[in-house]
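1. A structural model of the following input is requested.
(chains A and B)
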Amino acid sequence: EVQLVESGGGLVQPGRSLKLSCVASGFTFSNYGMNWIRQAPGKGLEWVAYISSGSSYIYYAETVKGRFTISRDNAKNTLYLQMTSLRSEDTALYYCARETTSFDYWGQGVMVTVSS
Amino acid sequence: DIQMTQSPPSLSASLGDKVTITCQASQNINKYIAWYQQKPGKAPRLLIRYTSTLESGTPSRFSGSGSGRDYSFSISNVESEDIASYYCLQYVNLYTFGAGTKLELK
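-> Predicted coordinates for the structure are as follows:
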């Protein structure tokens, strides 16, 4: 069974940093591209970042480019999102999702709240 | 960037109705559109990819169609378990979600 479990969220002050993790199981993690997608409270879905299976290709949404860094450790079956210079508008539930041209499996999400 | 205009924002239906949601892309997306269902407090679930290909486990009352810039998603014979929000996603050039449609019972 495919499972994606996010962690690392919490309350953080504006301008500070936070690192999210997503541990994958039930499939060969190193064969798949992975994504981070977020959803602000009561709002729609926003794609955040993509990383290819071997980390050769990385793309970001314009709203996070230069502030967020996606990475992965295939030996640990883990996806990361390093978030810096956080803003109130980054407050959201962050999902990791497996890439198969679209997003077929999602984690349950981890909440990030940016507030003073 | 490709923009996705999804409508309507909300929809009210009776059990057994047929409902249709549309998404218009800002440019040709060559059928690279997927549709997701999201229930409150849950992660989105992939229902349809590549315009009309149903995922395993997606009931046949769900369908998708379209080409070029214009796409639609339908539920025939709405059931109570279909009450949720629905999103389109283009994946021809990075990824863009539509704003979502909230389906409620009349």
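2. Please list all residues in contact with the spatially most central residue of chain B.
-> Centroid check for chain B by CA atoms, centre = their mean gives B:Trp35 as the closest residue, at 4.0 Å. Taking CB atoms under 8 Å, 6 or more residues apart in numbering or on different chains, we find B:Trp35 in contact with B:Leu46, B:Leu47, B:Ile48, B:Phe62, B:Gly64, B:Phe73, B:Tyr86, B:Tyr87, B:Cys88, B:Leu89. Yep, even glycine has a C-beta here, placed from its N, CA and C like the rest.
3. What residues does chain B have near chain A?
-> Residues of chain B lying close to chain A by CB under 8 Å from any CB of the partner chain are B:1, B:32, B:34, B:36, B:38, B:42-46, B:49-50, B:55, B:87, B:89, B:91, B:94-100.
4. Just the buried residues out of those, in ChimeraX syntax.
-> Only the buried entries of the residues of chain B next to chain A go into this ChimeraX selection, using 16 or more other CB atoms under 10 Å in any protein chain shown:
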select /B:32,34,36,38,43,44,45,46,49,87,89,91,95,96,97,98,100
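5. ok, which residues in chain A are in contact with chain B?
-> A:35, A:44-47, A:50, A:59, A:61-62, A:95, A:101-104, A:106-109.
6. Report the beta-bridge partners for the most centrally placed residue in chain A.
-> In chain A, the residue lying closest to the centroid (CA atoms, centre = their mean) is A:Trp36, at 3.1 Å. Counting by DSSP bridges, A:Trp36 forms beta bridges with A:Ala49, A:Cys96.
7. For the closest residue to A:Gly33 other than its chain neighbours, which residues are in contact?
-> Distances taken as CB to CB, 6 or more residues apart in numbering or on different chains put A:Glu99 closest to A:Gly33, at 3.6 Å, once the chain neighbours are dropped. Going by CB under 8 Å, 6+ apart, A:Glu99 touches A:Tyr32, A:Gly33, A:Met34, A:Asn35, A:Tyr50.
8. sec struct for A:Glu99, please.
-> Secondary structure of A:Glu99, reduced to three states by DSSP: H, G, I helix; E, B strand; the rest coil: strand.
9. And it, how far from B:Asn93?
-> 14 Å (CB to CB, to the nearest Å).
10. what's the closest non-adjacent residue to B:Ser18?
-> That one is not Ser; residue B:18 is Lys. Per CB to CB, 6+ apart, closest to B:Lys18 is B:Ser76, 4.7 Å.
11. wait, that neighbour sits on B:Arg61?
-> Yes - between B:Ser76 and B:Arg61 there is a contact at 4.8 Å, judged by CB atoms under 8 Å.
12. and the residue of chain A positioned farthest from its centre, which of the three is it?
-> Distance from the centre of chain A peaks at A:Ser116, with 22.7 Å (CA atoms, centre = their mean). Using three-state DSSP, the structure places A:Ser116 in coil.
13. Not counting residues beside it along the chain, what's closest to it?
-> A:Gln13 (5.3 Å).
14. any idea of the pLDDT on that neighbour?
-> If you check A:Gln13, the pLDDT there is 98.
15. I appreciate the help and will end here.
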